[in-house]
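In: sequence-free structure coming up:
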C-alpha cells in the first residue's frame, strides 16, 4: 500500500514514493507551476500526505533554505533596496514561501542565518515575526513579561493620534485627534512599515520614577502643568450630528429651518438664536449641551383618521441638539443629499480636551495610569541642569509587573534625545543595553540613567538618585469629560416613574439588590425606604374590592372601577408595585389589597 | 469555697459550655466571695453585650459573611499533585454541594477513626485493607476475548489473590453468586468466563464488564482506603462512602468516624449529626481555602437547613421555595409560577417579612423598623 494523498480532507489518490512526490510538489510550487496558496504536509503517524488549498488557514512567510544555504542572497537584498524587484518577485522565484500550520510540522526553521545547518528547510525573515503587528510596535518587548506585552498592544489601540490623514473631510460619528503627535524616539522596525512614523499616536516625555507627595499612588501619575500648557496630551474630540429631510406618506416631508413659534414642542426663541437663516448653525460657533444645531420640523407622528391635517399647528419640532454633557465648537458643516435624494445635513462639533485630573495615559508596556495631580513646574523636582520631568511615575509599578522593557526604553529615549538620533528598539534585534549605557556615559551622564534630583518645593536634594529617562506616552481615549456624571433630581422613566438609566439620559445611580442587602444588614430600614421612595405614589384604594380606584379629575370624583363605590382610602406605595398589580391583572390574577386600621 | 451556689444561679442564663469553663477557671484560680461576684457580674455583662440585639438581620449578615469570601474562592483554587491523601472536591464546588444538599456528592469520602487497639500502623492498614472494595478487575492482569469459543479469558494476579486470602474455590463461588448470566472456571492462572447464552459480540463484552465489576471483598462503594497518621492518631481516609457498614466494623471508633456525604450522615446518624456535618464540611472547605468565616454564620445556615428534621437545600427547592410570602418567593426565581400558583390557591401575603416590604416600599421589619408607635386616642375631660 502506498501513502494516501488527501486534498482538503478528501482522498484523491495514493503514491508509492512519498518523498519524491513531496519534493516534486514543493519544487513545482516554488517554480510557480502550482499556485503558492497550496501547502503540503506528510503525517508520519498516519502515513498520509495532506494538501490544503482552502481559505482560512493562517500562513506565514519564511525564507527557503536549500542545502544549508538560504535562497535569499545579498543580490536580492541589493535589488530590493534599489527597487528593481519586489516582495512578490521573491515569492514567484521560490525565495520566500508561505507555510500554514500543517506544513510547519514538516519544516525545521532556523532563527538566524548563523543557526542554519544541513537539516534546516527554512530560516526566519526576522525573529520579531513571532509577535503580531501591535506587539511588534513595543520597543524591547522581549524584556517584558508576556502579559504586559499583551496589555501594551491592547492599549496602543486605544491611544489617540491621527487615525487617518484625511480626517478633516470625513464625518465619523466619534473621533479623537491628538493635537501635537510626535514620532517616538525609540522606534521599532515596524513603525515605518505601517507608516506609524508619519501619523504617530503619542508623545515623548521626560519621566522620573519616584514618589512625590503621594499623588501617584496606585498607578496614578503626576503631570507637569507646564508640559500640558506646552501641548502635552492635548487632543480634539469630534462628534458628527446628522439629520435628513425625510419624506412621508401623503406628500408631507420634514423641513430643515428655524421652527415657527406655534409649532408643537417649540423651545424658545433663545434656543434657535445660534441658527442661520437656513436653520443650520454656522462653523466656529460655540455650543453647549442642549443647544439646537440643526432646526427641523416634521409632520405629526399619528395622522388623524380620514381628515388630512396640514398647516403649522400639526407639525412638531424635531431639531438636533447637542448631547447631554457635551459641548464644543462647530467645526464644519456639510450639506448634501442622501441616496434617496433627500437633503442631508451633517455638523461636526469639535471639543478641545486639555488633560485633566483622571484622564488616562499609558506607556507602550502595559503601564497605564490616570492623572492624580497636575503640579506647577516650579513645584516639580529638577536636576542640576534644570530639567523637570513631564510625568512622575510611581516606582511601585515596576517590580511586580516586570516591565523591564520600559526601563530600557527610558534609557534608550534618553540617549536618543541627548544625541539627537533615533534609537532602534525592535525586539530581538534592537540596540543593546550595554551600548546604550556606554553612549550615555560618553554624554556625561550616569550610565544607569539615574540622576540627582532636587525637591521643587523645598529645594532640598533628594536622598536617593532617581531613575530618569524619556519615554513614549500615549493618551488613551478614556477621558473624564466623557464619563463624569452625577444627579440629584432629574428625568424619570414613563412606565415605572423611576429614574432613568445611563449617563446619556442623565440617569440615576442604581442602588441595587446587593446594596439594598447592606442597608438591611445594618438595620437601617427607614433609610432604605427613603432611598427607594423615588417612585412613591399616593393612591386611592377601594376598601371593599381592594383595587386601586379611578380618580376622575374632571368630575373631581374617586370611584372603584369594580363596585363603582367611593369608599376608598389613600394608600402610599411604590409605583412599581402598582405596576406589578396591573401586570398581575393582565395575567388574570386579581390581587386584592386588604386594608386595616392601625 | 463553694462555687456551686453561684453556678447554679447562672444556669439557664448562659450556655452550658461557658458555665463549664467558668467552673473550671473558678476552681483553678480560687477567687474569694467578693471577686467571684465581680467575675459573674462582668461575665453576664460581656455575654449580654456579645449577643445579637433584637431585630438584627442575622440571615443577611450570615449570607454576606459567607458569600463575600466565597467570591475570592473561585479565583484561587489550587491542587496538590501526588501525596498519599485522597483527592476530594474542595473549594466553591464543594461549598455549593453542601448548601444545595445534593443527594450524591461528587466525591463521597469517609474519615475513619480507630479504636485504641487498632490505633497503630499495622492495625490501621489491616482495617484499611478490609474496607477497600476489591473487584475482580483489581486482580486481573490481562483480559482477552476469545471470539471463536465465545469465552472471556482473564489472567489472574496470583500474588494479589494470596494477599487477599482468596483461594480459587472461594473466588468461583463469589463470582457465581454475583451473577447468573455466566459460568466461570479456572485453568491455571486463567479465569474463563463463559456466558450461559450465546449471543453477539456485544453480549460477550457486556458479560465481561459485568464479571469485572463483581464484588469480591471489602465494603461496597469504597474504592480507596488510605491509612494515615495524624495528630488525632491513625485515621483511614476513603474514597467512596458507606457509613452504615463501616460503623459496624470491628476496630472502628463509631463515635468519631464521619462521612462527607451529608445525606448519608442524616440517614445513619440522624438530623443532629447531619447539622454538625454541614457545619464541619463548610468550615473545613473555607479554612482549606484560607478563608476565615465565623462559625456562627455557618451554624445559622446549618440550623435553617435542618430545622424541620430533614435536610433542605438553600434555594428554589428548599428554604427559599418554602417562604411564607408569595411576593418573597416570586422575588426569588421562577416569578410567574409562584404568582399563578398563589392565585389559584388564593394565598394571602401578610407582608410580614423583608422582601415584600421592599417591593411595596414600606418599612422593612428589621433593625430600626422593628418597632411601631401606637397611639390610643382618649377623650379629654372624661374620667
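Out: Nice, thanks for sending it over. In this text, all values refer to a predicted model and were calculated from it rather than measured experimentally.
In: could you list every residue that touches residue A:370?
Out: Contacts of residue A:370 were listed using Cβ atoms under 8 Å, 6 or more residues apart in numbering or on different chains, and they are A:219, A:220, A:221, A:357, A:358, A:359, A:360, A:361. Placement of C-beta: from N, CA and C, glycine included.
In: one more time with 10 Å, if that's ok
Out: A:216, A:218-221, A:357-362, A:476, A:478-480 (Cβ atoms under 10 Å, 6 or more residues apart in numbering or on different chains).
In: What's the ChimeraX line that selects buried ones from these?
Out: Applied in ChimeraX, the following selects the buried portion of the contacts of residue A:370 according to 16 or more other Cβ atoms under 10 Å in any protein chain shown:
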select /A:216,219,220,221,359,360,361,362,476,479
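In: ok, for residue A:350, nearest residue in space, not its chain neighbours?
Out: Distances taken as Cβ to Cβ, 6 or more residues apart in numbering or on different chains place residue A:331 nearest to residue A:350, at 3.8 Å, with adjacent residues excluded.
In: secondary structure class for the closest residue to chain A within the stretch 1-150 of chain B?
Out: Per Cβ to the nearest Cβ, residue B:60 is where the stretch 1-150 of chain B lies closest to chain A, at 4.6 Å. Secondary structure, DSSP: H, G, I helix; E, B strand; the rest coil: residue B:60 is helix.
In: Check the one 10 residues further on too.
Out: Three states are possible here, and by three-state DSSP the one that applies to residue B:70 is helix.
In: Residue B:125 versus that one, what's the distance?
Out: For residue B:70, the distance to residue B:125 (Cβ to Cβ, to the nearest Å) stands at 38 Å.
In: So the two - more neighbours on which side?
Out: Set residue B:70 next to residue B:125 and count neighbours by other Cβ atoms under 10 Å in any protein chain shown: residue B:70 wins out with 19 against 16.
In: what are the ranges of the strands in the stretch 401-550 of chain A?
Out: A:423-424, A:450-451, A:453-454, A:466-475, A:536-542, A:550-552 (DSSP state E, counting those that start in this stretch).
In: Grab the nearest non-local neighbour of residue A:492.
Out: residue A:499 (5.6 Å).
In: do residue A:217 as well
Out: Sequence neighbours aside, residue A:394 is the residue nearest to residue A:217 in space, at 6.6 Å (criterion: Cβ to Cβ, 6+ apart).
In: May I ask you to confirm that that neighbour is in contact with residue A:209?
Out: Yes - checked against Cβ atoms under 10 Å, the pair residue A:394 and residue A:209 is within contact range at 7.7 Å.
In: Common neighbours of the two, please.
Out: Overlap of the contact sets of residue A:394 and residue A:209 (by Cβ under 10 Å, 6+ apart) consists of residue A:216.
In: So for stretch A:134-152, what gets flagged as buried?
Out: Judged by neighbour count using 16+ other Cβ under 10 Å, the buried positions of stretch A:134-152 are A:134-145, A:148-152.
In: Residue of chain B closest to chain A, please.
Out: Counting by Cβ to the nearest Cβ, chain B gets nearest chain A through residue B:367, at 1.8 Å.
In: In contact with that residue, which residues?
Out: With contacts defined as Cβ under 10 Å, 6+ apart, the neighbours of residue B:367 are A:519-528, B:53-57.
In: Only whichever of those are buried, select them in PyMOL.
Out: Remark: buried members of these, expressed as a PyMOL selection using 16+ other Cβ under 10 Å:
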select buried, (chain A and resi 519+520+521+522+523+524+525+528) or (chain B and resi 56+57)
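In: Go through the contacts of residue B:367 and say which is closest to residue A:318.
Out: Proximity of these to residue A:318 was ranked by Cβ to Cβ; the top entry is residue A:528 with 41.9 Å.
In: Looks like that closest one contacts residue B:365 (just checking).
Out: No - with contact defined as Cβ under 10 Å, residue A:528 does not count as touching residue B:365 (11.5 Å).
In: so what sits against both of these two?
Out: In contact with both residue A:528 and residue B:365: B:354, B:357, using Cβ under 10 Å, 6+ apart.
In: from the chain's centre, how far out does stretch A:129-140 sit?
Out: 19 Å (Cα atoms, centre = their mean, to the nearest Å).
In: and if you look at stretch B:345-352?
Out: Stretch B:345-352 has its average C-alpha position 35 Å from the chain's average C-alpha position, going by Cα atoms, centre = their mean.
In: swap in stretch B:242-260?
Out: 14 Å.
In: ends of that stretch, how far apart?
Out: End-to-end distance of stretch B:242-260: 11 Å, with Cα to Cα, to the nearest Å as the criterion.
In: Check which residues of that stretch are buried.
Out: Using 16+ other Cβ under 10 Å as the test for burial, stretch B:242-260 gives B:242, B:243, B:245, B:246, B:247, B:251, B:252, B:253, B:257, B:258, B:259, B:260.
In: Give me the most central residue, the chain.
Out: In the absence of a named chain, chain A is used. residue A:158 (4.2 Å; Cα atoms, centre = their mean).
In: that's the wrong chain, I meant chain B
Out: Nearest to the geometric centre of chain B sits residue B:262, at 3.1 Å (Cα atoms, centre = their mean).
In: Who does residue B:215 form a beta bridge with?
Out: residue B:135 (DSSP bridges).
In: how far away is the closest residue in space to residue A:566 that isn't next to it in sequence from residue A:593?
Out: Counting by Cβ to Cβ, 6+ apart, residue A:559 is the residue found nearest to residue A:566 once chain neighbours are left out, at 5.0 Å. According to Cβ to Cβ, residue A:559 stands 16 Å off from residue A:593.
In: what does residue A:414 give?
Out: 77 Å.
In: More neighbours: these two, which one.
Out: Each of residue A:414 and residue A:593 had its neighbours counted (other Cβ under 10 Å), and the higher figure belongs to residue A:414 (26 against 18).
In: Show the pLDDT at that one.
Out: Residue A:414 is assigned 95 on the pLDDT scale.
In: Check the one 10 residues further on too.
Out: At residue A:424, the predicted lDDT confidence score is 93.
In: Mind telling me the two of the buried residues of stretch B:242-260 farthest from one another?
Out: Farthest apart among these by Cβ to Cβ are B:251 and B:260. That separation is 21.3 Å.
In: Tell me which stretches of the stretch 201-350 of chain B form helices.
Out: Remark: helices assigned in the stretch 201-350 of chain B by DSSP state H, counting those that start in this stretch are B:201-212, B:243-248, B:262-269, B:271-288, B:295-306, B:326-331, B:335-345.
In: most tightly surrounded among those helices?
Out: Among these, helix B:326-331 has the highest mean neighbour count (mean count of other Cβ atoms under 10 Å in any protein chain shown), at a mean of 22.
In: I'd like the average pLDDT over that helix.
Out: 89.
In: Alright, calling it a day.
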